[in-house]
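Asks: model this:
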Amino acid sequence: MKLYSLRVPYKGDAKAVLLKAAYDVSSFSLFQRSSVQEFMTFTSQLIVERSSKGSRASVKEQEYLCHV
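Replies: Purely as a prediction, here's the structure:
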């Protein structure tokens, strides 16, 4: 299993705020990297905002698995 993204958000009252993020998109082609990173950013932001504080979830999107 390969880790592509690690994000640390803070979920406030209104919206989740990103504290720190790291990406490893080197295994994707040069033209796909920005799209892949944008997909990971959008998906993780959406999952964090839809989950409640203190809960854990695992979401499968296509062939990727996202843990919150």
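Asks: Kindly provide the distance from Ala57 to Lys20.
Replies: Separation of Ala57 from Lys20 (Cβ to Cβ, to the nearest Å): 20 Å. No exception for glycine: its C-beta is placed from N, CA and C like everyone else's.
Asks: out of those two, which sits in the more crowded spot?
Replies: Neighbours per residue, other Cβ atoms under 10 Å: of Ala57 and Lys20, the larger number sits with Ala57, 12 against 8.
Asks: Please name the nearest non-neighbouring residue to that one.
Replies: Val68 (4.8 Å; Cβ to Cβ, 6 or more residues apart in numbering).
Asks: Mind listing the residues bridging to Cys66?
Replies: Val59 (DSSP bridges).
Asks: Next, the contact list for it, please.
Replies: Cys66 makes contacts with Thr43, Ser44, Ile47, Ser58, Val59, Lys60, as judged by Cβ atoms under 8 Å, 6 or more residues apart in numbering.
Asks: at 10 Å what do you get?
Replies: 4-5, 7, 40, 43-44, 46-48, 57-60 (Cβ atoms under 10 Å, 6 or more residues apart in numbering).
Asks: ok, so of the residues you listed, who is nearest Lys15?
Replies: Val48 (9.4 Å; Cβ to Cβ).
Asks: separation between the closest one and Asp24?
Replies: For Val48, the distance to Asp24 equals 20 Å [Cβ to Cβ].
Asks: Equivalent analysis for His67, please.
Replies: Taking Cβ to Cβ as the measure, His67 falls 16 Å from Asp24.
Asks: Give me the more crowded residue out of the two.
Replies: Neighbour count, other Cβ under 10 Å: between His67 and Asp24, Asp24 has more, with 12 against 9.
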